[in-house]
Each structure stands twice: as structure tokens, then as C-alpha cells.
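1. Pasted the sequence and its predicted model underneath.
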Amino acid sequence: MKRFTKSLSSPATALSVAAIALAACESADVSGIKVASPETIRAVSISNVNVTMQIPKPNPALEAALHEQLNIAMQSCATGTTPHRLDVVVTDFEEQDVAKSIFIGDEIELEGRVTLTDESSGEETGQYYVQRSFFWGGLIGAAMMSDAEVNLSKDFAASVCEDVFGVKLAENQ
């Protein structure tokens, strides 16, 4: 028993326990396919948001969360006067595996194509590819991503606001 207690107090063991308890990192990437000019972007207001899923497994929770978060975010970042439709086609969503993440870590990912279309002319104003991912490990990381669809949807919408419209959303939005 004494040996067991001693091995738990070693620095390597403490480091391992800390890594299992707490580890998380996120990344974002927005690539312009057809980049709208800054003047055009300033004039855009979003009057309609459409989300389409092109992934193998249907995910109504993700579709609803992404639609809701984009509607909320666009009120703050697409503040122009020219009505546009925002079409998002989700091309990849990798779900979480909580058990796996606690022991070795796991990554969830949301990717999609975002298209801005002028409502009156039907002309495509801009098109972008957005990717958000979140890697986590341990108990705290798994707890942080317990509602992955909503959290990734918020992050996806924030990326669109920041990288397309140049508006950084407040953390609590």
C-alpha cells in the first residue's frame, strides 16, 4: 500500500492526472471561395437563413442549433440595408465520443459552405468555407462539450461574423 501511495504522488502521475482532468483547444478557419468587397459586405443585411445538411447521418439538433445561432449572430454583424439570404450547407460534422475523450481525447468538427445571395437580384454576393473544431480531453473537456451542437454552432456563427463581416461578437452571445 505504501508503494502505491508513493507512485501516485510522483510528478509524472500528477501530470497524467492533470491531463486527464483538463485539456481543450479549438480552431477555426474561414476560406474565401468568392470574396465580397468590403463595401458590399457593409451593405449586407440577412433577411433569411437556410441550413442544409449534406452529411451521411441526419442531425436535426445540429440543423436547428445552427439555424438559431446564425439568426442571432447575423442581427449583430450583418447590419447593412441590402437584404440577403444566407445559405449554409453543412458538409462535415464529426460527433463527440465522451468516453473516448475522457481517456485519450477526441475532436468534434463542423464544416460548411456559406453563401450570401442578394434577395432582390438573386445574384451571389459571396461564398466562404467555414471550419470549426474543438479538441478536448479529460472530464472537464467532456463536460465543456456536453452540448456540442449548440457550442459548435455558436462558434461557427461567430466565425462568419468575424471573418466575413469583420465583427467580433461578445463572448456571451
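-> Received it, and whenever you're ready, just let me know what you need. Residues are numbered from 1 along each chain as shown.
2. Now do the same for residue 51: helix, strand or coil?
-> Secondary structure, DSSP: H, G, I helix; E, B strand; the rest coil: residue 51 is strand.
3. close enough to count as contact, it and residue 67?
-> Yes - in this structure residue 51 lies within contact range of residue 67 using CB atoms under 8 Å: 4.7 Å. Placement of C-beta: from N, CA and C, glycine included.
4. higher neighbour count, those two?
-> Higher neighbour count among residue 51 and residue 67: residue 51, with 21 against 16, using other CB atoms under 10 Å.
5. Please name the residues that touch that one.
-> By CB atoms under 8 Å, 6 or more residues apart in numbering, the contact list for residue 51 reads 63, 66-67, 70, 88, 90.
6. now, which of those residues sits nearest residue 30?
-> Of all the contacts of residue 51, residue 30 sits closest to residue 88, with 12.6 Å by CB to CB.
7. for the residue nearest to residue 161 when sequence neighbours are not counted, what are its contacts?
-> Distances taken as CB to CB, 6 or more residues apart in numbering put residue 77 closest to residue 161, at 3.6 Å, once the chain neighbours are dropped. The contact partners of residue 77, by CB under 8 Å, 6+ apart, come to 160-162, 165-167, 169.
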